Structure formats: structure tokens, C-alpha cells
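Engineer: have a look at this prediction, sequence included:
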Amino acid sequence: MRVFVAGATGVLGTAAVRRLVSSGHEVTGIARGSDKRRALHTLGANAVEVDLFDANAMRAAIEGHDVVCNLATHIPTGTAFMRRSSWRENDRIRSEGSAVLAKAAADCGALRLIQESVAYVYADAGQEWITEQSPLDHHPMIRSSITAGENAMGFADQYRFAVVLRFGAFYGDDALTHWQLDRVRKGKPVLLGDPEGYVSPITIEDAAGAVVAALAAPTGVYNVAAQPVHRSEWARALATAAGVDGSARFVSGLTRAFLGSKAEVNARSLRISSDAFHAATGWRARTELAEGFAPAVKVVH
């Protein structure tokens, strides 16, 4: 199939493009600048420089493709995650950009649209499993992810397929994981929430595999994560990956109170079930928790 990828040079996009090409698909990705174009060419993909918010340009770029994957994001890292202003570009990409892309895909006769989303859209469920029917929480920091999913589902009809992938907490060779490991090595607190609450992690590579699997999924919204773990277990895994004894530190209750609602999204207990996606495609996360940190681990001299 001919597959068009927005966000092709991001962490997830790069891994997904690699997987798509190796699976025999002809891939075109958005790449701004000569370095990013060369990176896509190295992966065996075509590159096009186009503005995600330019409807005419997007139609021209997508023309002739069977599938459109929207993996474009601009997620703030580190302490910037807590600043509402840091999310403006990401919100625009997920709200306006997803709408432009979905309409362009429909206008050009694409048969399938795959939209990236996040499991953080769900309300805290404590110890309960979260399925695709669980309640959502329209927190301002993740509301645009819900909008992106709605825009994608509007693409679907009796002839066209739309697949929304609500990914768990990414980790691996990405900026957030590196930031977390650096803080753990310095003995600084990095985790929010109840130690007995749940995290549902997913490596970048497993997420990329899910994007490929989504090429055969029926229309729908799907959770995509590995086996959920208690935050206390996640804290120990972070410490081990960082090369320090014990567990990563949790942010104090006083600091959480100071941060207020800005910390609420990351503090949620999300015990995500991916059974529906497995039933639809056969996909399962293949990476063990400790193994998933391997790409991010650096030797500290």
C-alpha cells in the first residue's frame, strides 16, 4: 500500500516509517529541512516538505495514497509539561491539523486514516481496568487528543476506515525518558500519583508495530499499551535503568498541591486494557519492562 505519514520524523514517526517500509509499503512522510529529508530517504521512504495546516498543499501531497497516518505531535518535555502555554503548538496540531488531514484524506480518496492519541484522555480509574468504553476526562492538557480522535472518526463511512490508537505512556529512546533518567540519577523526584496506582507503558518500537497492525484493523478507537504496572514497580524500573539503587522518588504531597490541576493528568491511575486491539489485529506489546529502557540507557563515567 501507499502510506502517507504526518509526523514522520518524530520519535514514533521514525520507528513507524521504518516498520512500514520493512513490511513492504511505499511510504511518503512529511519532513522539514534537508537533514530530515535525508533521514527519511535513508529509511527507504519518500519525503515531502508541506505545511500540515495548508489544506491545498496537504491534498496535493496525499493524492494517490491509500492510507494516511497522523502521528504528528509537539509534546513538551520535562518541567515544561506542567506549563499550559507549552501545549499550544501540540493542541493546534491535534485539533486544527488533524481536521485538515482528515478532510484532505477524504477528498483524495484515501481508504484508511490512522490517528495517534493517548490513554491519558481517560479519567483516573484506580485499580479498575480501563477499556475503550471507560469515562473520559476532558482536562485542558489532553482535550485536543479527544478532538483529534473525533476528527479522525468523522472520516469513516461504509467505504473508508478510521482507526484511533490511544497509546499508553511512551518510554525508550525519547526525550522524556532521558529527562526522567537524568533526574533519577541526580536524586530528584520525578513521579506523580499513588505508588499503588497504575502506569500502562509502551515502548516506541511496540507502538510503531501497532501502527502497522492498524492497517488491518476495523474502524474504531483502540487502547494500545503493554501490561500495566504499579507506579512503585515503575519507580524501581526507572532506578534500575538509571543505574541507581532503590526506586525513583515521588513528588511530595506539598509540591503536588502547589502544582494543582497541572499535575493531575500525570498522577492518574490508568490500568489500560488492549484486549480489543489484540482481538482485532493480533497485536501485543513484545518488550519486557526492563528491556524497554535499554535504548535510553547511557554509560555514565
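Structural biologist: Yep, that arrived.
Engineer: CA only for contacts and neighbour counts going forward, please
Structural biologist: Fine.
Engineer: please save the CA atoms from the helix or strand where Ala60 lies in PDB.
Structural biologist: Counting by DSSP states H and E, the element that carries Ala60 is helix 55-62. What follows is helix 55-62, C-alpha atoms only, in PDB (Å, rounded to 0.1, in the frame of the first residue of the first chain):
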ATOM      1  CA  ALA A  55      -5.400  22.400   3.100                       C
ATOM      2  CA  ASN A  56      -4.500  22.700  -0.600                       C
ATOM      3  CA  ALA A  57      -0.900  21.600  -0.100                       C
ATOM      4  CA  MET A  58      -2.000  18.600   2.000                       C
ATOM      5  CA  ARG A  59      -4.400  17.500  -0.700                       C
ATOM      6  CA  ALA A  60      -1.600  17.700  -3.300                       C
ATOM      7  CA  ALA A  61       0.800  15.700  -1.000                       C
ATOM      8  CA  ILE A  62      -1.800  13.000  -0.100                       C
END
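Engineer: packing partners of that helix?
Structural biologist: Helix 55-62 sits against helix 98-107, with contacts defined as 3 or more Cα pairs under 8 Å, 6 or more residues apart in numbering; DSSP states H and E.
Engineer: could I get the average pLDDT for the helix it packs on?
Structural biologist: Averaging pLDDT along helix 98-107 gives 97.
Engineer: so which elements touch it?
Structural biologist: helix 55-62, strand 67-70, helix 143-153.
Engineer: Lys186: how many residues sit nearby?
Structural biologist: 11 (other Cα atoms under 10 Å).
Engineer: how far away is His65 from Lys103?
Structural biologist: Between His65 and Lys103 the distance is 14 Å, computed by Cα to Cα, to the nearest Å.
Engineer: Ala248 now?
Structural biologist: 44 Å.
Engineer: more crowded one of the two?
Structural biologist: For Ala248 versus Lys103, neighbours defined as other Cα under 10 Å are more numerous around Ala248 (28 against 17).
Engineer: the more buried one contacts Lys186, doesn't it?
Structural biologist: No. Ala248 is beyond contact range of Lys186, at 10.2 Å (criterion: Cα atoms under 8 Å).
Engineer: quick one: buried residues of the lowest-mean-pLDDT helix or strand in the chain?
Structural biologist: One helix or strand of the chain scores below all others by mean pLDDT, DSSP states H and E: helix 253-259, with a mean of 72. The neighbour-count check on helix 253-259 (16 or more other Cα atoms under 10 Å) flags Arg256 as buried.
Engineer: need the next SSE after that helix, C-terminal direction.
Structural biologist: Taking DSSP H and E, what comes next after helix 253-259 is helix 264-267.
Engineer: buried residues, that next one. List them.
Structural biologist: Buried-residue list, helix 264-267, by 16+ other Cα under 10 Å: 264-267.
Engineer: how about stretch 48-63?
Structural biologist: Buried, per 16+ other Cα under 10 Å, within stretch 48-63: 48, 50, 52-53, 55, 58-59, 61-62.
Engineer: for Asp275, see how far away the residue nearest the centre of the chain is.
Structural biologist: Centroid-nearest residue in the chain: Phe167, 5.2 Å away (criterion: Cα atoms, centre = their mean). Using Cα to Cα, one gets 13 Å for the distance from Phe167 to Asp275.
Engineer: same check, this time on Pro76
Structural biologist: Taking Cα to Cα, one finds Pro76 at 30 Å from Asp275.
Engineer: how about the secondary structure of Ala226?
Structural biologist: What DSSP: H, G, I helix; E, B strand; the rest coil gives for Ala226 is coil.
Engineer: where along the stretch 1-150 of the chain do the helices fall?
Structural biologist: 11-22, 34-42, 55-62, 88-92, 98-107, 143-153 (DSSP state H, counting those that start in this stretch).
Engineer: follow-up on the earlier one: now distance to Ala296 and pLDDT too, for the buried residues of stretch 48-63, in a markdown table please.
Structural biologist: Listed next are those as a markdown table, based on distance: Cα to Cα, whole Å; pLDDT from 0 to 100:
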| residue | distance to Ala296 | pLDDT |
| --- | --- | --- |
| Val48 | 29 | 96 |
| Val50 | 31 | 95 |
| Leu52 | 30 | 95 |
| Phe53 | 33 | 96 |
| Ala55 | 37 | 96 |
| Met58 | 34 | 96 |
| Arg59 | 37 | 97 |
| Ala61 | 34 | 97 |
| Ile62 | 34 | 97 |
